[in-house]
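Engineer: for reference, the sequence and a predicted model appear below.
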Amino acid sequence: MNEPSKKPDVFKDHDCVTGSLVGASASGSTLKVIPMFCHKWTCPRCSKRKASVWRSIAQRGKPERFITLTLKADENKDVIQYAKEGKKAFAKLVQKLRRRYEVFEYMLVWELTKKGTPHIHMLQRGTWIPKQVLSDLWCSLTGSFIVDIKRIHRSNEVARYITKYMGKSIAECSEVLNGLRMLQKSKNYVIEPLPEEERGGDEDIEDIDSWIFCSATPRELLEVAKELFGCTLDDRSSANCLVLRAPPDPDLACKLVHHFDDDRSYS
Ligand SMILES: [Zn+2]
């Protein structure tokens, strides 16, 4: 009778994997294979992960205010074009505000109203801006004067706010606003380092020297690595990174990737 395998399933949640990154240590005796997930908001696995990353970013920016910027409903406008215009207007708004108030750091999420009009929900940190000034500036750029500013009193309000806008609505918006980034942050928004428990935690794995993209999934790579190249799966493997022990061969990663991607050039 076969003993049921007690090993954790390293391919757990790999439904949406589109390829892999294959890394090799200098000696070639350790390979790391990282799955390339689809990263779509419409994917249950990826949306969960993306939301948790953005929730952490949101909080580490220590925002002081919630700001909403609206655009006028216009049924004649193509929604993607409208969102692109909105993005340009927002970039100009930031320039103007920084000139006047110096510090303006933000993380924002785009949302569509029921009528399909794009608008911005934002977490902001920086100098206080009178609502009238914000409204006048935004109106001069977009023709829309409706804005809202609310002070954030407690940090759990940030988590709630982010959760609210990163659920179903962001998946729907990302479908409609195909190709546009739904979330953005300013370069200096984050001011708190990543907490220890959210860091990679794989420092004990031998240093990787070079990475190669491969169109095969980690599962396919593992099969070939075992059968053709005598590799074994290391216990430190997880759903986010397979670790393979291999007979020392500095060209092993290239050979492995070549098995799938013949004519692909790599470096
Ligand atoms: Zn996915």
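Structural biologist: Okay, I see it. Numbering: from 1, shown residues only.
Engineer: now the helices for this protein?
Structural biologist: Ranges of helices within the chain are 44-60, 79-101, 131-142, 155-165, 168-176, 218-229, 252-260, based on DSSP state H.
Engineer: JSON lines for those helices, including distance to the ion, mean neighbour count and mean pLDDT?
Structural biologist: The C-beta positions use only the backbone N, C-alpha and C, and glycine is treated the same way. Formatted as JSON lines, those follow (distance: least, C-beta to the ion, whole Å; neighbours: other C-beta atoms under 10 Å; pLDDT from 0 to 100):
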{"stretch": "helix 44-60", "distance to the ion": "3", "mean neighbour count": "17", "mean pLDDT": "89"}
{"stretch": "helix 79-101", "distance to the ion": "22", "mean neighbour count": "16", "mean pLDDT": "95"}
{"stretch": "helix 131-142", "distance to the ion": "34", "mean neighbour count": "16", "mean pLDDT": "97"}
{"stretch": "helix 155-165", "distance to the ion": "20", "mean neighbour count": "15", "mean pLDDT": "85"}
{"stretch": "helix 168-176", "distance to the ion": "12", "mean neighbour count": "16", "mean pLDDT": "83"}
{"stretch": "helix 218-229", "distance to the ion": "14", "mean neighbour count": "18", "mean pLDDT": "95"}
{"stretch": "helix 252-260", "distance to the ion": "21", "mean neighbour count": "20", "mean pLDDT": "92"}
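Engineer: among those, which comes closest to Asp207?
Structural biologist: Counting by C-beta to C-beta, Asp207 lies closest to helix 252-260 out of these; the figure is 13.9 Å.
Engineer: what residue is smack in the middle of the chain?
Structural biologist: In the chain, the residue lying closest to the centroid (C-alpha atoms, centre = their mean) is Lys50, at 4.9 Å.
Engineer: from Glu196, how far out is that residue?
Structural biologist: Applying C-beta to C-beta, to the nearest Å, the value for Lys50 to Glu196 is 21 Å.
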